[in-house]
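Visitor: structure here, sequence nowhere to be found:
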């Protein structure tokens, strides 16, 4: 009987998808649409499907003003063979500043305001929440001081930009050029900020970046916008194209994109899948730390129940310059302050890594699998694995296929041992929490799978693709698991067991926690967060001493660190790799092969490298 019910449910899903796919018109995609849907499908729905546009914001206004000023300046002078001066550029900036702010208010006062009023009325938002939300239509900046800060930053950016432009031998030949490309039947639209011609007659495409986060070369080569724009430009101009560049105005750095071949195919697949999901009306919410900055948080159905009273606390803590962090961020500091500084203070974008990609692939497959009300087959799991496969960080297709084969073997083994005939639908997958903790701090996190067992008890299951198996004794001291136990307790869920699922070994290692374990965890948070906060404040006051404050520390994750090659402890890490159990050590940095008679590495250790 259950099999018949499950078959009918699946048939209903298939028929619904077929109807939506053929009856709904195709969607004109763009990188903005792609990123919006990827970050949160429900946010995409509010913005693009229902026309509930976001509130006016400082960053949107600032970016629009700088882009508009540059567009007008170059259109007025460069495209007509004239040379404008800095005063002309600043005039365009000042003019655009007031115009765009006025346009934001005018646009917001019409249908967007009305749509927001309807959406707020239909939600369970309090009258205070509704009042605060509608007030956001009356201002762009929270204070005159904030507006002045942004305004002066823009002047400084344009002054530096003008100097760089004068020294640029290339000739600007087009501004804000629209391009359309079709990828397997899906149209994608892009606007090119600037097109230049070199003295040799080649073309260079430039996209301005007005934010403060700077991407490194590896990240750009795998970035969706850089890859899409490069593909479109090469299709349009072919051999005439020299390169595509991101121009980071904040540090005057112009970095080219050389698309990773594997990522090119992955981005194309992502565009096709996203357009299909939009037509299928797949608009599930995706909770995370960015929710605090999301305009739609107040009407989002995910922020109900036990988590409702904690809505917005992560953003509030950030605005008040209190420590707000995940366990991973705290762990990064404990493992190596040097790496922590690079990632969270210098804001260096992480490089794509193969071990992250296979981890994400397995996690997302499990997430999709366990949200189903019925047990899917191995064949269906394979399809989920293919759809959730991440292609970033692999050196070539051969290496990618090797890892992909390994990952699938892990999942099949797990299916046979822990799922087949014993399936329990997850109570929640990727369960997000943000909670006050310790001395006015805020901690955030995700729980891979929360399961409600037949006896009514709750269990946490966390997937690990590490090449090292841990013992029950090690788990009993694992503070991240304690953080999960404590977090669920705060929202009214009493967890009786916590398990790590080591996929490489098809092993489940379990432990338990009680309230007696929590005080030690809170003490650790206060100690580590206090040290993090203190060092960050010292580094802000004395940036020239930052390297001395955040010193490197050897740990088992050194091998996969983006900053391994520049680390002061690099040679020591290479020598002590085996002794310290360092994982994912780069092949060129591996210690010498063992002498005859010494123990060989296990397959897991070889694979981790």
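Guide: Nice, I can see it. What you are looking at is a predicted structure, and each value in this text was computed from that prediction instead of being measured.
Visitor: all contacts plus neighbour counts: C-alpha atoms, from now on.
Guide: Fine.
Visitor: burial of the residue lying closest to residue 124 once chain neighbours are set aside, as a residue count?
Guide: Counting by C-alpha to C-alpha, 6 or more residues apart in numbering, the nearest residue to residue 124 once its immediate chain neighbours are dropped is residue 299, at 7.4 Å. Residue 299 has 21 neighbours, counted by other C-alpha atoms under 10 Å.
Visitor: give me the pLDDT value at residue 299.
Guide: Looking at residue 299, its pLDDT stands at 88.
Visitor: any idea how far it is from residue 71?
Guide: Computed as C-alpha to C-alpha, to the nearest Å, the residue 299 to residue 71 distance reads 36 Å.
Visitor: what packs against the helix or strand hosting residue 38?
Guide: Taking DSSP states H and E as the definition, one finds residue 38 inside helix 31-39. When contacts are defined as 3 or more C-alpha pairs under 8 Å, 6 or more residues apart in numbering; DSSP states H and E, helix 31-39 sits against helix 41-44, helix 224-237, helix 261-279.
Visitor: buried residues of the longest one, list them for me.
Guide: Translated: helix 261-279. Buried residues in helix 261-279, counted by 16 or more other C-alpha atoms under 10 Å: 261-264, 266-268, 270-272, 274-279.
Visitor: what is the nearest of those residues to residue 36?
Guide: Minimum distance to residue 36 across the buried residues of helix 261-279 is 10.4 Å, recorded for residue 274 (C-alpha to C-alpha).
Visitor: OK, contacts around that closest one?
Guide: 34, 37-38 (C-alpha atoms under 8 Å, 6 or more residues apart in numbering).
Visitor: again, 10 Å this time
Guide: Residue 274 sits next to 27, 29, 33-35, 37-38, 41, 268, 280, 282 when contact means C-alpha atoms under 10 Å, 6 or more residues apart in numbering.
Visitor: narrow those residues to those that are buried.
Guide: Buried by 16+ other C-alpha under 10 Å: 29, 33-35, 37, 41, 268, 280, out of the contacts of residue 274.
Visitor: want to throw the residues you listed into CSV with distance to residue 339 and pLDDT?
Guide: Shown next, in CSV, are the buried ones among the contacts of residue 274 (distance: C-alpha to C-alpha, whole Å; pLDDT from 0 to 100):
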residue, distance to residue 339, pLDDT
29, 37, 95
33, 33, 95
34, 30, 95
35, 27, 94
37, 31, 95
41, 32, 95
268, 33, 92
280, 42, 90
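Visitor: how about JSON lines for these, with distance to residue 577 added?
Guide: Putting these into JSON lines (distance: C-alpha to C-alpha, whole Å) gives the following:
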{"residue": "29", "distance to residue 577": "47"}
{"residue": "33", "distance to residue 577": "44"}
{"residue": "34", "distance to residue 577": "41"}
{"residue": "35", "distance to residue 577": "39"}
{"residue": "37", "distance to residue 577": "41"}
{"residue": "41", "distance to residue 577": "43"}
{"residue": "268", "distance to residue 577": "39"}
{"residue": "280", "distance to residue 577": "49"}
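Visitor: coming back round to it: how far away is the residue nearest to residue 124 from residue 130?
Guide: Distance, residue 299 to residue 130, using C-alpha to C-alpha: 9 Å.
Visitor: residue ranges with poor pLDDT in the chain?
Guide: 1-24, 107-110, 305-308, 584, 586-609 (pLDDT under 70).
Visitor: packing partners of the strand or helix carrying residue 131?
Guide: In this structure, residue 131 is located in helix 127-135 according to DSSP H and E. Here helix 127-135 touches helix 111-122, going by 3 or more C-alpha pairs under 10 Å, 6 or more residues apart in numbering; DSSP states H and E.
Visitor: with distance to residue 187 added, can I get the helices and strands packed on helix 31-39 in a markdown table?
Guide: As requested, the helices and strands packed on helix 31-39 are exported to a markdown table (distance: least, C-alpha to C-alpha, whole Å):
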| stretch | distance to residue 187 |
| --- | --- |
| helix 41-44 | 18 |
| helix 224-237 | 11 |
| helix 261-279 | 9 |
